[in-house]
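Asker: pasted the sequence and its predicted model underneath.
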There are 2 protein chains.
Amino acid sequence: MVNREIFRKKVIITAGQIFSRFGFRKTTMDEIASELKMGKSSIYYYFESKEKIFEAVIRHEANTLRNELTKAIKEVDSPIDKMKNYVFVRMKSFEKLANYYNAIFDKNLDHFDFIENVRAKYDREELAILRLLLYHGKRKKVFKVDNSEYTALAIQTTLKGLEVPLFWKKKEVNIEKRLNAILDVLFNGILIK
Amino acid sequence: MVNREIFRKKVIITAGQIFSRFGFRKTTMDEIASELKMGKSSIYYYFESKEKIFEAVIRHEANTLRNELTKAIKEVDSPIDKMKNYVFVRMKSFEKLANYYNAIFDKNLDHFDFIENVRAKYDREELAILRLLLYHGKRKKVFKVDNSEYTALAIQTTLKGLEVPLFWKKKEVNIEKRLNAILDVLFNGILIK
DNA sequence: AATTTTTCGAATGGATCAGTCGAATTTTCA
DNA sequence: TGAAAATTCGACTGATCCATTCGAAAAATT
């Protein structure tokens, strides 16, 4: 049937949201099922196991990001090139990550801690790139930013949306500075000229 | 001993971070312990139960927010009054929440689903306030915003930092619009004049 | 109405996890 | 110093949770 694929995709999307929020271990089949408004036994009609769902989710995510990458490349022509370029780098960097994943799937699948580490490392890298971008933009008088560290954090959270950067767990977050960074950006913008 | 209180506070802070990320049920004592770099049995020397820790965390959080509220009130005098005023409302609204919590603690403590509902409701309310603020600011030509819905979302995520708004689980997030909202704000600011 | 596809409720067995206990270790202070 | 008090911890347990199975009901297709 053709519906089968549609349903599988629905599961992948839904499960993906929950996995990305709680990780593999903390996500239960019941949660996925109830989000899909069905009994959990039904899911097993489409997927062999929880791990197989996870695998599908990662593959789907990797593909999505690859697509966004190529799309972003084609669009580097607006006056906000600089920022779009960041998106480019972001996606590029994620490609490497996707390869990690594939490598894992080709072997045995019991490395979720490892995956978490890779993701945390990726998040940290991403933040560094953003901060660097802002810092250089500031020196070259393209951007005006007060605190690039916190502005970078603000952008990263917002970009990621639901998916909170993993390594933030370790990071001490100063809400005062965070708020100031947002206010600054909100009311002044950061592009000069 | 005086160290006892210091240690209890350390537990409250650490546990608070994990609880706010994963909720009560999904947080394990082992996680809290390993984050504190100690065996979990040791924690029971300071706290009677997991629920008692949670209770302490909520009380602590409520107090912190109350303090931030009074602090914010005193600071309503900068040219960015409007935004600070939002912070006021935010805190005010959280006070109500804190009362809910207290009410729950005075009765039997097995209502975590209820708590989740209250928090989700609060998050939704908060977003509504923000959106309204932006919308009226736009009409009165105080702000220039393209998409107040998404700008509001952007601000909310960033403000909350680690703590992702609960009801977002239900919300479909369009990364394109989200990105545009940020870029718009970043490069143009939203305050007119 | 027979067959195939899809859903679901109930059951299970293994894993997980809050909390206990007694012993080991460290700290206090005489 | 060394006895008493404070603190940590490893090993255990019983209850709960959770992925997965199975067979039967329900829906869809022929």
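Answerer: Right, received. Where do you want to start? Numbers count the residues shown, from 1 in each chain, chains lettered A, B, ... in the order given.
Asker: okay, CA-based contacts and neighbour counts for the rest of this
Answerer: Will do.
Asker: now residue A:9: how far from DNA strand D?
Answerer: 17 Å (CA to the nearest atom of the strand, to the nearest Å).
Asker: same question for residue A:50.
Answerer: For residue A:50 relative to DNA strand D (CA to the nearest atom of the strand), the value is 4 Å.
Asker: tell me the SS of whichever residue of chain A sits closest to DNA strand C?
Answerer: As assessed by CA to the nearest atom of the strand, DNA strand C sits closest to residue A:38 within chain A, at 3.6 Å. Judged by DSSP: H, G, I helix; E, B strand; the rest coil, the three-state class of residue A:38 is coil.
Asker: count of neighbours near it?
Answerer: 12 (other CA atoms under 10 Å in any protein chain shown).
Asker: pLDDT score for it?
Answerer: Among the per-residue scores, residue A:38 shows a pLDDT of 94.
Asker: try the one 4 residues further on
Answerer: Confidence per residue is given as pLDDT, and for residue A:42 that number is 96.
Asker: likewise for residue A:163?
Answerer: So residue A:163 comes in at 43 (pLDDT).
Asker: same thing with residue A:152?
Answerer: On the pLDDT scale, residue A:152 gets 73.
Asker: apart from its neighbours in sequence, what residue is nearest residue A:15?
Answerer: Spatial nearest neighbour of residue A:15, excluding adjacent residues (CA to CA, 6 or more residues apart in numbering or on different chains): residue A:32 at 5.7 Å.
Asker: give me the low-pLDDT residue ranges for chain A?
Answerer: Within chain A, the stretches with pLDDT under 70 are A:1-2, A:62, A:65-126, A:128-130, A:132-133, A:136-137, A:140-144, A:146-148, A:150, A:154-193.
Asker: interface residues of chain A facing DNA strand D?
Answerer: Contacts of chain A with DNA strand D, taken as CA under 7 Å from any atom of the strand, map to A:25, A:27, A:28, A:29, A:30, A:40, A:41, A:44, A:48, A:49, A:50, A:51.
Asker: what is the burial count for the last one?
Answerer: Going back to what we said before, that points to residue A:51. 13.
Asker: and for the fourth one?
Answerer: When neighbours are counted by other CA under 10 Å, residue A:29 registers 17.
Asker: relative to chain B, how far out is the residue of chain A closest to DNA strand C?
Answerer: In this view, residue A:38 and chain B are 16 Å apart by CA to the nearest CA, to the nearest Å.
Asker: backbone dihedrals for that residue, please?
Answerer: phi -150, psi 170 (degrees, to the nearest 10).
Asker: same thing with the one 3 residues further on?
Answerer: Backbone torsions for residue A:41, taken as degrees, to the nearest 10, come to phi -60, psi -30.
Asker: number of residues surrounding the nearest residue to residue A:149 once chain neighbours are set aside?
Answerer: Distance criterion CA to CA, 6+ apart; nearest residue to residue A:149, sequence neighbours excluded, is residue A:131 at 6.0 Å. Residues near residue A:131, counting by other CA under 10 Å, number 21.
Asker: wait, residue A:131 touches residue A:152, no?
Answerer: Yes. At 5.4 Å, residue A:131 and residue A:152 qualify as touching, with contact defined as CA atoms under 8 Å.
Asker: follow-up on the earlier one: out of the residues of chain A next to DNA strand D, which comes closest to residue B:58?
Answerer: residue A:27 (24.2 Å; CA to CA).
Asker: got phi/psi on residue A:47?
Answerer: Per degrees, to the nearest 10, the backbone of residue A:47 is at phi -130, psi 140.
Asker: check contacts around it.
Answerer: A:8, A:53 (CA atoms under 8 Å, 6 or more residues apart in numbering or on different chains).
Asker: ok, now with 7 Å
Answerer: Residues near residue A:47 by CA atoms under 7 Å, 6 or more residues apart in numbering or on different chains: residue A:53.
Asker: for the residue nearest to residue A:15, the count of nearby residues, please.
Answerer: 22.
Asker: and it, which helix or strand is it part of?
Answerer: Using DSSP states H and E, residue A:32 sits in helix A:29-35.
Asker: which helices and strands does that helix pack with?
Answerer: Under the contact criterion of 3 or more CA pairs under 7 Å, 6 or more residues apart in numbering or on different chains; DSSP states H and E, helix A:29-35 touches helix A:40-43.
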